[in-house]
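> Give me coordinates for this.
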Amino acid sequence: MTAETRTLIAYRLQRAREALDEAALLLERNHINTFVNRVYYACFYGVTALLLIRDLASAKHSGVRSLFHQHFVKTGIVSIDIGQTFDKLFDNRQKGDYADLVRFEKEQVRGWLEEARKFVETIEKVIRELSG
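Take a look at the predicted model:
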């Protein structure tokens with residue numbers, strides 16, 4: 001792995017942690033739809049960092065999702081539960097950002113912050129293991 005790739009991975013993981021911090025603030029301030037966006041992006045940044053381990057990338061979110069499942073979930077490197085978390089956040093971010101008249105309730109999404117934290121921690125652990 002090149003030094004440039006290591007730098008990009010570190011940058012994307014930092015963005016993931018920042019998005020988690022932003023999500024926590026948004027939830028506290030009752031900006032729920034934007035909270036959903038940020039928990040998804042925390043995971044997205046983590047996945048794009050992970051894909052770099054295998055020199056994989058996609059210009060589309062759906063492509064990132066597909067590559068993640070193909071190379072990491074289906075192979076057992078990350079658990080099905082982690083894959084399902086990413087899918088749930090992907091689908092709900094799509095609804096919240098693009099569908100009309102969608103409003104998430106705080107009680108409905110509160111647990112997603114902890115799920116996203118666990119997701120990012122898992123991705124960081126896998127990256128450490130795979131990059132040796």
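
> Run through the neighbouring helices and strands of the biggest helix by length in the chain.
Using DSSP state H to define each element, the chain has its longest helix at helix 3-28. For helix 3-28, the packing partners by 3 or more Cβ pairs under 8 Å, 6 or more residues apart in numbering; DSSP states H and E come out as helix 32-53, helix 112-131. For every residue, glycine as well, the C-beta is placed using N, CA and C.

> Out of those, which one sits most buried?
Using mean count of other Cβ atoms under 10 Å, the stretch among those with the largest mean neighbour count is helix 32-53, at a mean of 23.

> Dump it to CSV, restricted to CA.
Provided in CSV are the C-alpha atoms of helix 32-53 (Å, rounded to 0.1, in the frame of the first residue of the first chain):
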residue,chain,number,x,y,z
ILE,A,32,-33.4,14.6,12.7
ASN,A,33,-33.4,14.3,8.9
THR,A,34,-29.9,15.9,8.8
PHE,A,35,-28.9,13.5,11.6
VAL,A,36,-29.9,10.6,9.4
ASN,A,37,-27.7,12.0,6.6
ARG,A,38,-24.7,12.4,8.9
VAL,A,39,-24.9,8.9,10.5
TYR,A,40,-25.0,7.4,6.9
TYR,A,41,-22.1,9.5,5.8
ALA,A,42,-20.0,8.4,8.8
CYS,A,43,-20.5,4.9,7.6
PHE,A,44,-20.0,5.8,4.0
TYR,A,45,-16.6,7.4,4.7
GLY,A,46,-15.6,4.3,6.6
VAL,A,47,-16.6,2.0,3.8
THR,A,48,-14.7,4.1,1.2
ALA,A,49,-11.6,3.9,3.4
LEU,A,50,-12.0,0.2,3.6
LEU,A,51,-12.4,-0.2,-0.1
LEU,A,52,-9.0,1.4,-0.6
ILE,A,53,-7.4,-1.6,1.1
